[in-house]
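> My questions concern the predicted model and sequence given below.
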Amino acid sequence: MEINIENAKKILEKYLKEQDEEKYKHSLRVATVSKILAEKCNVPVQDCVIAGLLHDIGKGLSKQEALSLCSQNNNV
C-alpha cells in the first residue's frame with residue numbers, strides 16, 4: 001500500500017479511532033498543525049501531514065499487531 005494522506009487517514013481510523021478517540025482527535029490536530037508548519041517552512045506538505053497523522057499509531061497496538069502491520073508493509 002502506498003502511504004498518502006488518504007491512506008494514512010484510513011490507517012489512523014482503523015487502528016486508533018475506536019481504541020482511543022482522544023488520541024485519534026489529537027493526531028488529526030497534529031496533522032493540521034504539521035500542514036501549516038510545512039507550508040510556512042516550504043517543506044513537503046504531504047510528508048508532514050502523514051507524519052502528523054501517524055505519529056501515535058503504535059500506541060494503540062499490541063507488540064504483535066505492530067509487527068504484523070510492519071511485515072504487511074515490508075518494514076520488517
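Yes, it's here.

> From K23, how far out is the residue positioned nearest the centre of the chain?
Most central in the chain under CA atoms, centre = their mean is L54, positioned 1.6 Å from the mean C-alpha point. Note on L54: its distance to K23, by CB to CB, to the nearest Å, is 12 Å. The way it works is simple: take the backbone N, C-alpha and C, and place the C-beta from them, glycine included.

> May I ask you to name the longest helix in this protein?
Scanning the chain for the longest helix, with DSSP state H as the assignment, gives helix 21-41.

> helices or strands up against it?
helix 5-12, helix 45-54 (3 or more CB pairs under 8 Å, 6 or more residues apart in numbering; DSSP states H and E).

> which one of those helices has the most crowded surroundings?
For the helices and strands packed on helix 21-41, the largest average neighbour count (mean count of other CB atoms under 10 Å) is found in helix 45-54, namely a mean of 19.

> List the residues that contact A51.
S34 (CB atoms under 8 Å, 6 or more residues apart in numbering).

> Apply 6 Å and report the result again.
By CB atoms under 6 Å, 6 or more residues apart in numbering, A51 lies in contact with nothing.
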